[in-house]
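1. Here's my sequence, what's the structure:
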Amino acid sequence: METTLLLCSQLNMCESKEKTFFKLIHGSGKEETSKEAKIRAKEKRNRLSLLVQKLEFHEDTHSSRWGHLAKETRVSPEEAVKWGESFEKLLSRRDGLEAFTRFLKTEFSEENIEFWIACEDFKKSKEPQQIHLKAKAIYEKFIQTDAPQEVNLDFHTKEVITKSITQPTLHCFDAAQSRVYQLMEQDSYTRFLKSDIYLDLIEGRPKRPTNLRRRSRSFTCNEFQDVKSDVAIWL
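-> As a prediction, this is how the structure comes out:
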């Protein structure tokens, strides 16, 4: 009987030591719950703070973009009237270029102005690799037979470009660009001056929505890899 009591006492002592050891290592359940609650509360505050910052940043950026856009698209009738003085003046102004491009899209001939823009950007190239990559992209998009936005060029001009494209220079598209420029000046420009797009501008009327049956793939140098471009300033 005494032996049984002794064993029970030893078991109780072992159990008590184990509980004490467990508490020392892991802490009490209340302490653990309290720590977890504090951690969760801190994480929640951090998330809310980040969310507020993102919302404020988005709002500022959105307002800035819309303000910038509104400023860019506000063309005075006096400014628009100057575009009628010459085709050169029209293309020298960013708003004029944008309005003329919009007009060409209604006639499904925007490839002409996009080719001209691409050539202007190409002539700013400096590094040999940049010249080669841009020339190849322009040729494949606008010049070669069945190009996605093939411009209207005579056989001789296209042949000269085709022969020079393997070793292009900054002037390899000059003849073609001049030809397209003359075509736009003598044909499209005269119709633009009579179009609703231009008449609305010189009379100060709001821009009308334009319904198009196909979408233009505007020329950008994103089609090249590792090539920097200034073409964005034209559009």
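2. Count the neighbours of Phe192 for me.
-> 23 (other Cβ atoms under 10 Å). For the C-beta atoms, the positions are set from N, CA and C on the backbone; glycine is no exception.
3. isn't it right next to Thr101, touching?
-> No: Phe192 is not in contact with Thr101 according to Cβ atoms under 8 Å; the separation is 10.2 Å.
4. Just give me the neighbour total for the nearest residue to Glu185 once chain neighbours are set aside.
-> With Cβ to Cβ, 6 or more residues apart in numbering as the criterion, Glu185 has its nearest non-adjacent residue at 4.3 Å, and that residue is Phe87. Other residues lying near Phe87 total 21 when counted by other Cβ under 10 Å.
5. Domain-wise, how is the protein divided?
-> 26-74, 77-234 (automatic domain parsing).
6. Compare the mean pLDDT across the ones you listed and name the weakest.
-> In terms of mean pLDDT, the lowest-scoring of the domains of the chain is domain 26-74 (a mean of 52).
7. Please enumerate residues in contact with stretch 193-201?
-> 75, 77, 80, 83-84, 99, 102-103, 106, 192, 205-208, 210 (Cβ atoms under 8 Å, 6 or more residues apart in numbering).
8. Which of the residues you listed ranks first by neighbour count?
-> Neighbour counts for those, by other Cβ under 10 Å, peak at Trp83, which reaches 25 neighbours.
9. Can you identify each of the helices in the chain by residue range?
-> With DSSP state H as the criterion, the chain has helices at 2-26, 29-73, 77-83, 87-92, 94-106, 110-122, 128-138, 155-164, 174-183, 189-192, 196-202.
10. May I have the fourth one as PDB, with CA atoms only?
-> C-alpha atoms of helix 87-92 as PDB (Å, rounded to 0.1, in the frame of the first residue of the first chain):
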ATOM      1  CA  PHE A  87       0.900  71.700 -94.000                       C
ATOM      2  CA  GLU A  88       4.200  72.300 -92.400                       C
ATOM      3  CA  LYS A  89       2.700  74.400 -89.600                       C
ATOM      4  CA  LEU A  90       0.000  71.700 -89.000                       C
ATOM      5  CA  LEU A  91       2.600  69.000 -88.500                       C
ATOM      6  CA  SER A  92       4.900  71.200 -86.400                       C
END
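11. Can you name every helix or strand that it contacts?
-> On a contact count with 3 or more Cβ pairs under 8 Å, 6 or more residues apart in numbering; DSSP states H and E, helix 87-92 meets helix 77-83, helix 94-106, helix 189-192.
12. can you list the residues that contact the last one?
-> Residues outside helix 189-192 that contact it (Cβ under 8 Å, 6+ apart): 87, 90, 99-100, 103, 107, 198.
13. Out of those residues, flag the one nearest to Ile117.
-> Nearest to Ile117 among these is Phe100, at 10.9 Å by Cβ to Cβ.
14. My guess is that closest one contacts Ile113. True?
-> Yes: using Cβ under 8 Å, Phe100 is in contact with Ile113, at 6.5 Å.
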